[in-house]
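*Asks:* Mind looking at a prediction? Sequence and model below.
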2 protein chains.
Amino acid sequence: MSIHFADRLLTAVKEKKSVAVVGIDPQLEMLPPELQEFAADFGERQKVLEIFGKGIIDAVAEVVPAVKPNIAFFETFGLAGLAAYVTICAHAYKQGLIVIGDVKRGDIASTARAYAAGLLRPLPPPTARADNPFQLGPHHAITVNPYLGNDGVAPFAQMASENGQGIFALVKTSNPTSREIQDLPLAAGGTVAEAVADLVRRWGEANIGDAGFSNVGAVVGATHPEQLACFRELMPAAFFLLPGYGAQGGTAAGLKPAFRADGAGAVVNASRSVIYAWRDYPNLTWTAAARAAAIKMNADLNSINN
Amino acid sequence: MSIHFADRLLTAVKEKKSVAVVGIDPQLEMLPPELQEFAADFGERQKVLEIFGKGIIDAVAEVVPAVKPNIAFFETFGLAGLAAYVTICAHAYKQGLIVIGDVKRGDIASTARAYAAGLLRPLPPPTARADNPFQLGPHHAITVNPYLGNDGVAPFAQMASENGQGIFALVKTSNPTSREIQDLPLAAGGTVAEAVADLVRRWGEANIGDAGFSNVGAVVGATHPEQLACFRELMPAAFFLLPGYGAQGGTAAGLKPAFRADGAGAVVNASRSVIYAWRDYPNLTWTAAARAAAIKMNADLNSINN
């Protein structure tokens, strides 16, 4: 039997003594200078993305439990970019990292099942190749968009449960205009995001792991610290994935209410502040800079629950 | 200067005398028997998807203005499936069809820009190859998910406007549980979907074509005929893409309120009832059956505004 996703994530957090997730969001114009040169050549871009992604993964593999490649930064280069996405997910998987595919998919039932089949294939055994061209991943978990309701989320949750994987549903995103829809007050009280949180709680009840966390988690922006306690109360068994720390302005101090009383139950993503740390550490290589930034992030985040 | 997307779509509707869009959603277990055999072989699946998609496109190219491949049914086969997606989009483009990529993407601003750059590259000139491996498409338009608000939609709308392309934002989806979030009543009156409709109207105001339609359209399920008049009023300049006709239960009779008084402004998608019409026409080949079903759909839909 496969390990429950939330228990696997919790174990990794404990082993690494880190609640940090490194977002792998390669943008050509922000790559280290020595990779920029390559990247100007259209045909070389897949290779550049792979060199960069693998370099970041190797740099942080010992110090963080998880990485979160955002597929948008690979789709932007079409099939060539997506081939790099598979290479990078497979490399992170082989390095023992938890791989959270930030894909934000969502569609009606039969279509959601089709997405899920490609994105949540059973995880490959340790001895097998992980870069299977007939899937996108491998992923321990993916993010999903809840706007279509249960039809659009249940197929992902079901497939994830069958394979010891997880999903994180968008509840309250980190961007400024998330308020336009997510913060709208409802006639019945609460906001749209709070109604989504209630759905996430219900979707997650079917599959709770040993530590009391579901394999249906929630994305809640680190940029909204004042809302975290409310969301923790609405979704007591949900693992939270908190984006927006670092470059987007979220700080560790505000994140304590996202965790359960025992200090468990959330991971915090940073992308640009780690993967482009070469700009902040002029005396280090870009990989050493990423590692240094991840270690600094750990120290900052570990202050939350100490 | 490129033609405005809405004007291009309107012209195609008039030329073909059809408001039908054929959804290309290949599911292996529903393919015609002579393709099923191939499809059992993992390595042959890209080829099977391409044969099926091109066959459907050639069968309907003269009788409908547009096709809507749903990328989920290609992502399900990983990189091999996505290569077939590009082949099929390129083939439809070369056949003179309007290509609406049903991708339902949405993310925060910088990430949405990355998606948009891959999905809404400038359309290739008629003499060039269209199956560029450094993009996903080509697409005249794509569908987007509005849950993240303006940050998540504006980058798509902007890139679409630059290239004479369009977007269709999900407002009210065709599936049963769309009610769980989209129909929630707001404290300020109306529903979540109506608030999204109001955003769609505002997003679209910046780019209205000659016929009075914006390049920011709306997805509104044909399965909710009682809500169409309200959405038409809320989004007077939006082209509607109506999924859910046919297999999902939407009928032509209910769709009249989706159109403007002059009979323009909406296209109706059917997938399974056209592409798997071989089941209904045992004496025809699967391509002839698809064409027959598309012609029948045209006759049915043309009754709306006559």
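*Replies:* Noted; the coordinates are in hand.

*Asks:* rest of the way, CA atoms for contacts and neighbours
*Replies:* Fine.

*Asks:* Helix or strand: which one has residue A:167?
*Replies:* Using DSSP states H and E, the element containing residue A:167 is strand A:166-172.

*Asks:* and that strand, what does it pack onto?
*Replies:* strand A:141-144, helix A:150-162, helix A:192-204, strand A:216-220 (3 or more CA pairs under 8 Å, 6 or more residues apart in numbering or on different chains; DSSP states H and E).

*Asks:* Next SSE downstream of it?
*Replies:* Taking DSSP H and E, what comes next after strand A:166-172 is helix A:179-182.

*Asks:* contacting residues around that following helix?
*Replies:* By CA atoms under 8 Å, 6 or more residues apart in numbering or on different chains, the surrounding residues in contact with helix A:179-182 are A:171, A:172, A:191, A:192, A:193, B:147, B:148, B:149, B:150, B:192, B:195, B:196.

*Asks:* go with 7 Å
*Replies:* Under the criterion CA atoms under 7 Å, 6 or more residues apart in numbering or on different chains, residues A:172, A:191, A:192, A:193, B:147, B:149 lie in contact with helix A:179-182.

*Asks:* May I have the residues that are in contact with the third one?
*Replies:* Spelled out, that is residue A:192. A:181, A:182, A:183, A:184, A:185, A:186.

*Asks:* So how do I select the buried members of these in PyMOL?
*Replies:* Those of those that count as buried under 16 or more other CA atoms under 10 Å in any protein chain shown are selected in PyMOL with:
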select buried, chain A and resi 181+182+184+185+186
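
*Asks:* Report all helices and strands that the lowest-mean-pLDDT helix or strand in chain A contacts.
*Replies:* Sorted by mean pLDDT, DSSP states H and E, the helices and strands of chain A end with helix A:33-39, the least confident at a mean of 86. If contacts are counted by 3 or more CA pairs under 7 Å, 6 or more residues apart in numbering or on different chains; DSSP states H and E, helix A:33-39 sits against helix A:45-60.

*Asks:* how far does the helix it packs on sit from the chain's center?
*Replies:* Distance of helix A:45-60 from the chain centroid (CA atoms, centre = their mean, to the nearest Å) equals 17 Å.

*Asks:* next helix or strand past that helix?
*Replies:* Sequence-wise, the next helix or strand downstream of helix A:45-60 (DSSP H and E) is strand A:66-69.

*Asks:* coming back round to it: and the contacts of helix A:179-182 as TSV, adding distance to residue B:217?
*Replies:* Shown next, in TSV, are these (distance: CA to CA, whole Å):
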residue	distance to residue B:217
A:172	25
A:191	26
A:192	23
A:193	25
B:147	16
B:149	15
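
*Asks:* what's the farthest-apart pair in the residues you listed?
*Replies:* Farthest apart among these by CA to CA are A:191 and B:149. That separation is 14.7 Å.

*Asks:* Compare these two (neighbour count), which wins?
*Replies:* Between residue A:191 and residue B:149, residue B:149 has the larger neighbour count (other CA atoms under 10 Å in any protein chain shown), namely 25 against 20.

*Asks:* Run through the residues of chain A sitting next to chain B.
*Replies:* Within chain A, the positions adjacent to chain B are A:72-73, A:75-80, A:83, A:108, A:111, A:114-115, A:117-118, A:133-136, A:147-151, A:173, A:175, A:177-178, A:180-181, A:185-187 by CA under 7 Å from any CA of the partner chain.

*Asks:* are any of those residues buried, and which?
*Replies:* Burial of the residues of chain A next to chain B was assessed by neighbour count (16+ other CA under 10 Å); the buried members are A:72-73, A:75-80, A:83, A:108, A:111, A:114-115, A:117-118, A:133-136, A:147-151, A:173, A:175, A:177-178, A:180-181, A:185-186.

*Asks:* Now intersect these with the helices, please.
*Replies:* Counted as lying in helices by DSSP state H, out of those, are A:72-73, A:75, A:78-80, A:83, A:111, A:114-115, A:117-118, A:150-151, A:180-181.

*Asks:* Of all the residues in stretch A:89-109, which ones are buried?
*Replies:* Neighbour-count burial for stretch A:89-109, counted by 16+ other CA under 10 Å, picks out A:89-94, A:97-109.

*Asks:* now the end-to-end length of that stretch.
*Replies:* The first and final residues of stretch A:89-109 sit 26 Å from each other (CA to CA, to the nearest Å).
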